[in-house]
Structure formats: C-alpha cells, structure tokens
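Novice: let's see this in three dimensions:
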Amino acid sequence: MEGDRQDPAPAAPPREHLQLLLRRSREAKNCAYCPYSRFPVGAALLTASGEIFSGCNVENACYSLGVCAERTAIQKAISEGHTSFRAMAIASDMGDTFIVPCGACRQVMREFGTDWDVYLTKADGSYIVKRLEELLPLSFGPEDLKKV
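Specialist: Numbering: from 1, shown residues only. A predicted model of the protein is given here:
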C-alpha cells in the first residue's frame, strides 16, 4: 500500500497544502467535545500521499477515556490505510501560547517516525514548526523492539 512507504526525509508541504492543513486544524477544533475542560483542540494530519485527516479532542465523564485531537487524526488516517505522515498542525484557543501535544500524543506520533513536521499554532493563527524528533528526543520506537 502506498501509504505505508517510509520516505527518508519528507519535504515541508507546499504553501497551499500548509494553509489548508492549518485551516483544517482550526475547523476541527470547532468540533471538539470538551464539556469538562472547555479546552477545544483540533489537529490536521498530512499523509505522505497528500491526504489530510482531521481530528478533535473528545472528552468523557470518565476522564481517562477521553482522547486528544492528535490521536484522533492519527487513528482516522490509520483506519483508512495510511501510516506514513509528512506533517501535523494543531490548533487551540490558548491565546499567546503555542499549543503543544501532550506526552501520550508525542509517543503515538513517534510510532510513525520522527522525521515529520508539527505546526504548533496560537489562537491568532501564527505558528512555529518543530520536527517530531525535537518534541520527543531520545525516543523509543518500533525499531527498538527489534534490538532484543
């Protein structure tokens, strides 16, 4: 399956794809189900084949059963046969602070490589970009299981 190919170093998405990725993350944020935290988050994931999958956080009265936007987007992409990713944009209403993925999301993202871009945004739409390997240095991944 083409979505399973691991490219050595994916290039940054073209500007039009980047703008769409950022917009889709903001749109996904508007769908968040967060009655407890009132902290909506949206994410949009760009696959190696150019498709975009979005996700939002979904909370639950049993707090530990909630799921973050980043993992929702990844799970949607995986369920459609994609396992190679180029970039993810994350959006929230945090004001003057860039949204960052939680530790659990970073580890789930890491499952699919370290050489992709993560666009961290502020509520005003400004962003910074980090490589996943910067967000989770010295990480543990699938290749480590082959060392035993």
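Novice: where do the helices sit along this structure?
Specialist: 15-29, 69-79, 103-110, 132-135, 142-145 (DSSP state H).
Novice: outside of the first one itself, list whatever touches it.
Specialist: Identification of contacts with helix 15-29 by CB atoms under 8 Å, 6 or more residues apart in numbering yields 12-13, 40-44, 46, 50, 52, 54-56, 69, 73, 87-93, 119, 121, 125, 127. C-beta: built from backbone N, CA, C; applies to glycine.
Novice: just the angle between it and helix 69-79, please?
Specialist: 110 degrees (axes from the mean of the first three to the mean of the last three CA atoms, to 10 degrees).
Novice: skipping adjacent residues, who's closest to S92 in space?
Specialist: Leaving aside its chain neighbours, S92 sits nearest to I99 (4.1 Å; criterion: CB to CB, 6 or more residues apart in numbering).
Novice: and the pLDDT for that neighbour?
Specialist: What the model reports as pLDDT for I99 is 98.
Novice: let me have the helices of the chain in JSON lines, extended by mean pLDDT and distance to Y63.
Specialist: Listed next are the helices of the chain as JSON lines, based on pLDDT from 0 to 100; distance: least, CB to CB, whole Å:
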{"stretch": "helix 15-29", "mean pLDDT": "94", "distance to Y63": "20"}
{"stretch": "helix 69-79", "mean pLDDT": "98", "distance to Y63": "15"}
{"stretch": "helix 103-110", "mean pLDDT": "98", "distance to Y63": "13"}
{"stretch": "helix 132-135", "mean pLDDT": "96", "distance to Y63": "24"}
{"stretch": "helix 142-145", "mean pLDDT": "94", "distance to Y63": "29"}
